[in-house]
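Student: Next come a sequence and a model predicted from it.
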Amino acid sequence: MLPIVLHPHPALRFKARPVTRVTDSLRQQAAEMFESMYEANGVGLAAPQVALPYQMFILNTSGDPEQKDLEKVVLNPEILEKTGTAEGVEGCLSFPELFQKVRRARVVRVKYQTLDGAEVEETLSGLPGKAFQHEYDHLHGVLFIDKLGPIGKIAAKGAIAAFERMHQQAQKKGEIPPDAELIARLEELAKLA
C-alpha cells in the first residue's frame, strides 16, 4: 500500500504531469492505490494523494473491493463539458473526518486514457460524476476545501488548522521531511511521467 498524505503535504498542491507511458511500475502503483483507497474506505484516490505527481486517479464508487468491475484507472483526464450544478456533502481521504458541502457540475462529459491505452469518452452524473470532478481537481492542485462557500470555510477552519499543526509537528520530530525535500522528490518523480 502507498501511504495517503494529509493536508498540507506539498504533493496536494503540486500540478501533476501527464502520463506519457504506461510502465509496470505505474500499473503496480495503481494497484497499490486501490489497496490504500479501500483501506481508508474511499471511493476515489488521486496520485498526488500518495505523493506521486502523475495525472492518474482511481475510482470505484461502490467502495467495495469485491466489485472489481466498477474499478477505473484514469490517465490524463479532461473535462470536456459541464452541465448544471449540484451541491452535496464531500469528504477527502487527505482530510480524514472533514465533510462539507461542495457545489459541482451536475453532469460532466469527460475523456481519459486507460492503462491499456484505450481512449474513453463518457458522460457522468451522480456520485461517479462528483468523484471524477473531485479527483480531477487533485491533479491540478485544487482541493475540496478550495470550493467551500463562506459558511463551509468557517466551519472547516479549525479542522484545517489542526491538520496543518500535525504536519508541522511531524516535521519537527523528523517523521516527515521538510517541504523543500518533499517538493524536490516530486520534481524528480515528475521527470519519470
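Tutor: In hand now; what should we look at?
Student: which stretches of this protein form strands?
Tutor: In chain order, the chain shows strands spanning 44-46, 56-59, 72-92, 95-113, 119-125, with DSSP state E as the criterion.
Student: Indicate which one of the ones you listed is closest to residue 136.
Tutor: Residue 136 lies closest to strand 72-92 among those, at 5.4 Å (Cβ to Cβ). Where C-beta positions appear, they are placed from N, C-alpha and C, glycine not excepted.
Student: for the closest one, the distance to its chain's centre please.
Tutor: 11 Å (Cα atoms, centre = their mean, to the nearest Å).
Student: partners of it, with directions?
Tutor: strand 56-59 (antiparallel), strand 95-113 (antiparallel) (DSSP bridges).
Student: Comparing those, which comes out most buried?
Tutor: Sort the strands paired with strand 72-92 by mean neighbour count, taking mean count of other Cβ atoms under 10 Å, and strand 56-59 sits at the top with a mean of 26.
Student: So for it, mean pLDDT?
Tutor: Mean pLDDT, strand 56-59: 98.
Student: which phi and psi does residue 3 have?
Tutor: phi -70, psi 140 (degrees, to the nearest 10).
Student: OK, contacts around it?
Tutor: Going by Cβ atoms under 8 Å, 6 or more residues apart in numbering, residue 3 touches 36, 50, 51.
Student: circling back: could you dump the strands of the chain into JSON lines with distance to residue 32 added?
Tutor: Shown next, in JSON lines, are the strands of the chain (distance: least, Cβ to Cβ, whole Å):
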{"stretch": "strand 44-46", "distance to residue 32": "10"}
{"stretch": "strand 56-59", "distance to residue 32": "10"}
{"stretch": "strand 72-92", "distance to residue 32": "12"}
{"stretch": "strand 95-113", "distance to residue 32": "19"}
{"stretch": "strand 119-125", "distance to residue 32": "23"}
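Student: Which among those strands is found nearest to residue 164?
Tutor: Judging the strands of the chain by Cβ to Cβ, what sits closest to residue 164 is strand 95-113, at 11.3 Å.
Student: quick one: the closest one to chain centroid distance?
Tutor: 10 Å.
Student: Any chance of the strands paired with strand 72-92 in JSON lines with distance to residue 165 as columns?
Tutor: As requested, the strands paired with strand 72-92 are exported to JSON lines (distance: least, Cβ to Cβ, whole Å):
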{"stretch": "strand 56-59", "distance to residue 165": "28"}
{"stretch": "strand 95-113", "distance to residue 165": "14"}
